[in-house]
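In: Predicted structure and sequence below. I'll ask about it afterward.
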Amino acid sequence: MEASKKIGVLMMNLGTPEAPTPDAVRKYLKEFLSDRRVVDLTPILWKPILNGIILNIRPKKVAKVYQQVWMDEGSPLFVLGNRLRDAVQVALNEQSDDFVVATAMTYGTPTVEDAAKTFRKVGVSRIFVIPMYPQFSGTTTAAAFDRLMNSLKKCPEWPALNLYHDYADHPLYIDALANSVTRQWKEQGEKRHLVLSYHGIPKRYVTNGDPYARRCEKTSELLAEKLGLNKDEWTHVYQSRFGREEWLQPYADKTLATMPKQGIKRVNVISPAFSIDCIETLEEVTLELGDEFKNAGGEAFDYISALNDSADHVALYKDIILTNTVSWQNEITSV
Ligand SMILES: C=CC1=C(C)c2cc3[nH]c(cc4nc(cc5[nH]c(cc1n2)c(C)c5CCC(=O)O)C(CCC(=O)O)=C4C)c(C)c3C=C
Ligand SMILES: [Fe+2]
Ligand SMILES: [Fe+2]
């Protein structure tokens, strides 16, 4: 097909099992945890641990957790991500007919190849790629780009690509998070200590140059500033530890367990690294961390949802896409 003037927008996220069953979870974890961007151990050491231990024990346990959060239409990460994609498409259409939005996962489905089929149907020859991670990390953003490049390895002709880095300090992102917090405080009738809980990564990755921790700190500082919070009114932590080595600290579970003793008994938790709610926020934060806090004497614990398909989130994505494709839009209007 002849190249059209359309601009493809590829929204990439991590990936999620196709069903809340041990088999589907095993397939998903095998692909995900075999990526050396995620677990960088040498395969000679890692493969026996992954295949011999982790993929025998974890899928059964984790499938039960997925069952707790599964939605009628599928995994929350997939369903809520699709809702955001559709809302972004509608918002862009208000501006111009030139955009075609598709989602793809780094691991599992929908694949980058599925998105390419959508783009090919309308002859897209320019693609803006936005990994749905506000804070850049080699483990997520770069892994998404790797997946895209791998899919292009055998292509004789490439589309023009614009790879978006991150939006940890984008003013509309900070505004959107601040609006979520103030809305929650209004609804619950009180302002509470704010815990900002980010997905962790091994500390070693940051020591070796991954900017993720710095980008998370940036988001926390800007959000606290926007909300006018003093240093003792918010806490920055990392959740979702995996394996035995040290991950980024302070750890969410240990911190929340000590807060009630220090007089912090009523908290709100927000997880700014997750653009879309998923097993990590709906189960690990809301249920596991909530129990940890209450068992330690905490009185009130409420999780503030990810931005998902909220109007603020749609406006943020629309702004990022329009701002970063100006030259392509100008090419279209000047033809
Ligand atoms: C093993 C190392 C892991 C690294 C490093 C890591 C980084 C990382 N992950 C996200 C976002 C998500 N992670 C999700 C699930 C998840 N993450 C890991 C491991 C690492 N993540 C595992 C093993 C799992 C699966 C669940 C489990 O077995 O505990 C998800 C949710 C997927 C879903 O289906 O709902 C997201 C999203 C970020 C942002 C990040 C580093 C910046
Ligand atoms: Fe993860
Ligand atoms: Fe987890």
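Out: Received the coordinates, thanks. Ligands and ions are numbered 1, 2, ... in the order given.

In: For the strand or helix carrying residue 206, give me every contacting residue.
Out: For residue 206, the host element (DSSP states H and E) is helix 203-207. Under the contact criterion C-beta atoms under 8 Å, 6 or more residues apart in numbering, helix 203-207 has outside partners 40, 137-139, 212-213, 245-249. Where you see a C-beta, it was placed from the backbone N, CA and C, and this is true even at glycine.

In: Can you name the element that comes right after it?
Out: Helix 203-207 is succeeded, C-terminally, by helix 212-227 (DSSP H and E).

In: hmm, the helix or strand following that following helix touching ligand 3?
Out: Downstream of helix 212-227, the first helix or strand assigned by DSSP H and E is strand 234-239. No: legend: contact between strand 234-239 and ligand 3 by C-beta under 5 Å from the ion is lacking; minimum distance shown is 7.1 Å.

In: Just name whatever secondary elements the helix or strand following strand 234-239 is in contact with.
Out: Remark: after strand 234-239, the chain's next helix or strand is helix 252-258, criterion DSSP H and E. Applying 3 or more C-beta pairs under 8 Å, 6 or more residues apart in numbering; DSSP states H and E, we find helix 252-258 packed against strand 193-199, strand 234-239, helix 290-295.

In: Comparing those, which comes out most buried?
Out: Of all the helices and strands packed on helix 252-258, strand 193-199 carries the top mean neighbour count, a mean of 25, counting by mean count of other C-beta atoms under 10 Å.

In: So which residue is smack in the middle of the chain?
Out: In the chain, the residue lying closest to the centroid (C-alpha atoms, centre = their mean) is residue 274, at 3.8 Å.

In: Mind telling me what element that residue is part of?
Out: With DSSP H and E as the test, residue 274 turns up in no helix or strand.

In: Make a markdown table out of the helices and strands packed on helix 252-258 and add mean pLDDT.
Out: Formatted as a markdown table, the helices and strands packed on helix 252-258 follow (pLDDT from 0 to 100):
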| stretch | mean pLDDT |
| --- | --- |
| strand 193-199 | 98 |
| strand 234-239 | 98 |
| helix 290-295 | 98 |
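
In: Now distance to residue 78 too, for those, in a markdown table please.
Out: Below are these laid out as a markdown table (distance: least, C-beta to C-beta, whole Å):
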| stretch | distance to residue 78 |
| --- | --- |
| strand 193-199 | 18 |
| strand 234-239 | 21 |
| helix 290-295 | 24 |
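
In: what would the ones you listed look like in JSON lines with distance to ligand 1?
Out: Shown next, in JSON lines, are the helices and strands packed on helix 252-258 (distance: least, C-beta to the nearest ligand atom, whole Å):
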{"stretch": "strand 193-199", "distance to ligand 1": "4"}
{"stretch": "strand 234-239", "distance to ligand 1": "9"}
{"stretch": "helix 290-295", "distance to ligand 1": "16"}
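
In: rewinding a little: how many neighbouring residues does the closest residue in space to the residue nearest to the centre of the chain that isn't next to it in sequence have?
Out: The shortest distance from residue 274 to any non-neighbouring residue, by C-beta to C-beta, 6 or more residues apart in numbering, is to residue 306 (4.8 Å). Look at residue 306: counted by other C-beta atoms under 10 Å, it has 26 neighbours.

In: Residue 306 looks like it's in a strand, true?
Out: No: the assignment for residue 306, made by DSSP: H, G, I helix; E, B strand; the rest coil, is coil rather than a strand.

In: so how far is residue 284 from it?
Out: To residue 284, residue 306 is 13 Å away according to C-beta to C-beta, to the nearest Å.

In: follow-up on the earlier one: quick one: which of the contacts of helix 203-207 is nearest residue 156?
Out: residue 138 (29.1 Å; C-beta to C-beta).

In: ok, the residue nearest to the centre of the chain - contacts?
Out: 199, 280-281, 306.

In: By residue count, which helix of the protein is the longest?
Out: In terms of residue count, the longest helix belonging to the chain (DSSP state H) is helix 76-95.

In: That helix and ligand 3 in contact?
Out: No: under the criterion of C-beta under 5 Å from the ion, ligand 3 is not reached by helix 76-95; the shortest gap measures 12.4 Å.

In: Pull out the buried residues from that helix.
Out: 76-82, 84-85, 87-88, 91-92 (16 or more other C-beta atoms under 10 Å).

In: Around residue 140, how many other residues sit close by?
Out: Quick note: residue 140 (other C-beta under 10 Å) scores 23 neighbours.

In: Distance check, it against residue 55.
Out: 21 Å.

In: repeat for residue 164
Out: Counting by C-beta to C-beta - residue 164 and residue 55 are separated by 33 Å.

In: I'd like to know which elements the longest helix of the chain is packed against.
Out: Using 3+ C-beta pairs under 8 Å, 6+ apart, helix 76-95 sits against strand 7-13, strand 99-105, helix 311-324.

In: tell me which parts of this protein are close to ligand 3?
Out: So the chain meets ligand 3 at 240, 280, 284 (C-beta under 5 Å from the ion).

In: How about the contacts made by the first one?
Out: So that's residue 240. 199-200, 280, 284.
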